[in-house]
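*Asks:* how does the following fold in three dimensions:
(one chain, ligands or ions: 2)
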Amino acid sequence: MVRYRVRGGNALRGTAFIQGAKNAVLPMIGAALLAAKGRTVLRNVPIIEDVRRAVELAQSVGAHVELHEAERTLVIDASRLTSAVLPAEIARRFRGSVLFTPALMHRLGEAIVEGVGGCNLGSRNLDFHYLGYKRLGAIVDEGETVIHVKASGLTGATLYLDTPSHTGTENLIMAASLANGVTVIENAALEPEVLDVIEMLTKMGARITGGGTGFITVEGVDELHGVEHTVMPDRLDAGVFAMAAALTGGELSLVGTGLDLGVVRYKLEQMGVDFARQGAVLHVKCDRPLRPINIITDTYPGFATDLQSPMMTVAALADGVSYIHERIFDGRFALAGELNKMGARIEVDGSRAVVRGRTPLTGTMVTAHDLRSGIALVLAGLAATGETVIESGYLIDRGHAYLADRMRALGADITREISGP
Ligand SMILES: CC(=O)N[C@H]1[C@@H](OP(=O)(O)OP(=O)(O)OC[C@H]2O[C@@H](n3ccc(=O)[nH]c3=O)[C@H](O)[C@@H]2O)O[C@H](CO)[C@@H](O)[C@@H]1O
Ligand SMILES: C=C(OP(=O)(O)O)C(=O)O
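*Replies:* Residues are numbered from 1 along each chain as shown. Ligands and ions are numbered 1, 2, ... in the order given. Prediction:
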């Protein structure tokens, strides 16, 4: 059992190093398995539990994978894949396992998915993925627990997503990249991580146009090869550090190439946080009381649902009433109950939450229900009186690398503890 112990009251100051993006590196590991020739080198890899699981999963299907942690570099040789099975004991531990299916379909003619994990956020369907594969010519057999996708030679088609699914878009692009002919994906996701994956696939030899427009065209090619690619910075990790500066009255320099916080920056600015771009560094400072805010989550370029939970913590510390409308997931408010245990006043009604700030927060034992509620509770702990203990820390480690070390270097009183077997 991993737990985080946070004693609040310290302002965070200094330089925060932003990790590579979890939601870019996972599809990139899946993409690397499409390459029958050459080794792939991924740089700026976040050393998070989801990456460790992805490495284990890639090894379980026969790829040779080296994770060089100190160098934050992954070297993947997928020239020989030996198993089409994504085993339950690994695949059920993270969402990114679904991103391995296109490579197995193309390289081995089938993918046997024994489970897909990820944060528990209510309904998280995969119908767009499997319907898309079917339109490309795959046969999908959806059993109670195991999904069997058979694909001997896929053919391009026109695909439409009811909503612009992030991993759905990535999977269909990957499946189309080695299909015969042209695929058009309408209502495709616009997230920057999807564009980074397209950039990598293009270097690998894929022919993809329209990334970032919502209408993606993929002209299938015969083979893809290994390349070197640097993973983009994690805008969620960056957002969390910006919020940590905001709610502790601190001052941070965020370092991460090409970092763009988008709407999160504008929302924090409305709350009274100052941002200044200094060349490649984004400077964040907060030296005044926080104002309340309204948030509606949406697909990119809207407010990212993954930052809704940490923002709920910031809102609890603002002077006045904030309103949050969660539009992506139907079960993403478990955090409210935990923050209320610490003294917050948050009322949830369906997909809407009203946060009545500012109430002083007091440290106690709290539960991370998912990755982002976990990091939101760490933020609450930084601003609370006394000690906050957060379990299970594994969920936080799924998405944030060396969190305690990075925060301690900025003055936070935070430890990561491991107990039991
Ligand atoms: C590994 C990864 O990249 N995870 C991210 C990805 O998850 P993920 O790709 O799973 O999220 P999606 O964009 O697919 O899901 C968004 C919504 O669409 C619905 N849906 C999705 C697919 C489908 O086939 N059918 C369907 O109905 C889901 O139930 C959900 O309500 O995007 C989410 C939304 O930005 C983020 O919170 C996750 O951090
Ligand atoms: C929902 C998330 O991740 P996943 O899709 O990997 O469960 C997240 O990163 O907040």
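
*Asks:* so how many other residues sit close to the residue in the stretch 301-421 of the chain positioned nearest to ligand 2?
*Replies:* At 3.9 Å from ligand 2, Asp306 is the closest residue in the stretch 301-421 of the chain, using CB to the nearest ligand atom. Just so you know, the C-beta spots here come from the backbone N, C-alpha and C atoms, and that holds for glycine as well. Residues within reach of Asp306, counting by other CB atoms under 10 Å, total 24.

*Asks:* likewise Thr145?
*Replies:* 10.

*Asks:* next, the residue of the chain found nearest ligand 2: secondary structure please.
*Replies:* Closest to ligand 2 within the chain is Gly118: 2.9 Å, counting by CB to the nearest ligand atom. With DSSP: H, G, I helix; E, B strand; the rest coil as the basis, the three-state label of Gly118 is coil.

*Asks:* who's in contact with it?
*Replies:* Phe94, Arg95, Gly96, Arg124 (CB atoms under 8 Å, 6 or more residues apart in numbering).

*Asks:* distance of it relative to Arg398?
*Replies:* Gly118 is 9 Å from Arg398, where distance means CB to CB, to the nearest Å.

*Asks:* okay, and the common contacts of those two?
*Replies:* Phe94.

*Asks:* and the stretch 301-421 of the chain, which residues reach ligand 2?
*Replies:* Asp306, Leu371, Arg372, Gly399 (CB under 6 Å from any ligand atom).

*Asks:* revised request: answer the last question for the chain.
*Replies:* Phe94, Arg95, Gly96, Gly118, Cys119, Leu121, Asp306, Leu371, Arg372, Gly399.

*Asks:* was I right to think the second one contacts Asn120?
*Replies:* This means Arg95. No - judged on CB atoms under 8 Å, Arg95 makes no contact with Asn120 at a distance of 10.5 Å.

*Asks:* report pLDDT for Thr257.
*Replies:* At Thr257, the model reports a pLDDT of 60.

*Asks:* from here on, count from 55
*Replies:* Sure, I'll start counting at 55 from here, so that last one is Thr311.

*Asks:* low pLDDT regions in this structure?
*Replies:* For the chain, residues meeting the criterion pLDDT under 70 lie at 311-313, 475.

*Asks:* what about Thr284, distance to Gly391?
*Replies:* Counting by CB to CB, the gap from Thr284 to Gly391 is 40 Å.

*Asks:* I should have written Glu253 there, sorry.
*Replies:* 41 Å.

*Asks:* do the same with Leu344
*Replies:* 22 Å.

*Asks:* kindly report the same for Tyr377.
*Replies:* Tyr377 is 18 Å from Gly391, where distance means CB to CB.

*Asks:* intersect the contacts of Gly172 with the contacts of ligand 1.
*Replies:* Answer for the contacts of Gly172 near ligand 1 (CB under 6 Å from any ligand atom): Arg149, Gly150, Arg178.

*Asks:* what residues are up against the first one?
*Replies:* For Arg149, the residues meeting the contact criterion (CB under 8 Å, 6+ apart) are Leu80, Asp104, Val170, Gly171, Gly172, Cys173, Arg178, Thr221.

*Asks:* most surrounded residue in those?
*Replies:* Leu80 (29 neighbours).

*Asks:* correct me, but that residue touches Val109?
*Replies:* No - between Leu80 and Val109 there is no contact under CB under 8 Å: 10.8 Å.

*Asks:* for stretch 214-222, buried residues please.
*Replies:* Residues Leu215, Pro218, Ser219, His220, Thr221, Gly222 are the ones in stretch 214-222 that count as buried (16 or more other CB atoms under 10 Å).

*Asks:* in TSV, list the residues you listed along with distance to Ser307.
*Replies:* What follows is the buried residues of stretch 214-222, written out as TSV (distance: CB to CB, whole Å):
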residue	distance to Ser307
Leu215	38
Pro218	33
Ser219	35
His220	29
Thr221	32
Gly222	36
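
*Asks:* what subset of those residues is also close to ligand 1?
*Replies:* Residues of those in contact with ligand 1 (CB under 6 Å from any ligand atom): Ser219, His220, Thr221, Gly222.

*Asks:* now distance to Val95 too, for the contacts of Arg149, in a markdown table please.
*Replies:* Shown next, in a markdown table, are the contacts of Arg149 (distance: CB to CB, whole Å):
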| residue | distance to Val95 |
| --- | --- |
| Leu80 | 16 |
| Asp104 | 19 |
| Val170 | 27 |
| Gly171 | 27 |
| Gly172 | 27 |
| Cys173 | 29 |
| Arg178 | 31 |
| Thr221 | 23 |
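
*Asks:* between those residues, which sits nearest ligand 1?
*Replies:* Lowest distance from ligand 1 to those (CB to the nearest ligand atom) belongs to Thr221, with 3.2 Å.

*Asks:* which SSE is that closest one in?
*Replies:* Using DSSP states H and E, Thr221 sits within helix 220-231.

*Asks:* what's the following helix or strand after that helix?
*Replies:* Next along the chain from helix 220-231, counting by DSSP H and E, comes strand 236-240.

*Asks:* in the protein, what residue spans correspond to helices?
*Replies:* Ranges of helices in the chain, per DSSP state H, are 76-86, 103-114, 142-145, 155-162, 181-189, 220-231, 246-258, 289-302, 317-325, 362-370, 388-395, 425-437, 447-451, 457-462.

*Asks:* quick one: the longest one near ligand 1?
*Replies:* Pointing back at helix 289-302 there. No - Helix 289-302 stays out of contact with ligand 1 when judged by CB under 6 Å from any ligand atom, the minimum separation being 7.7 Å.

*Asks:* fine by me, we can end here.
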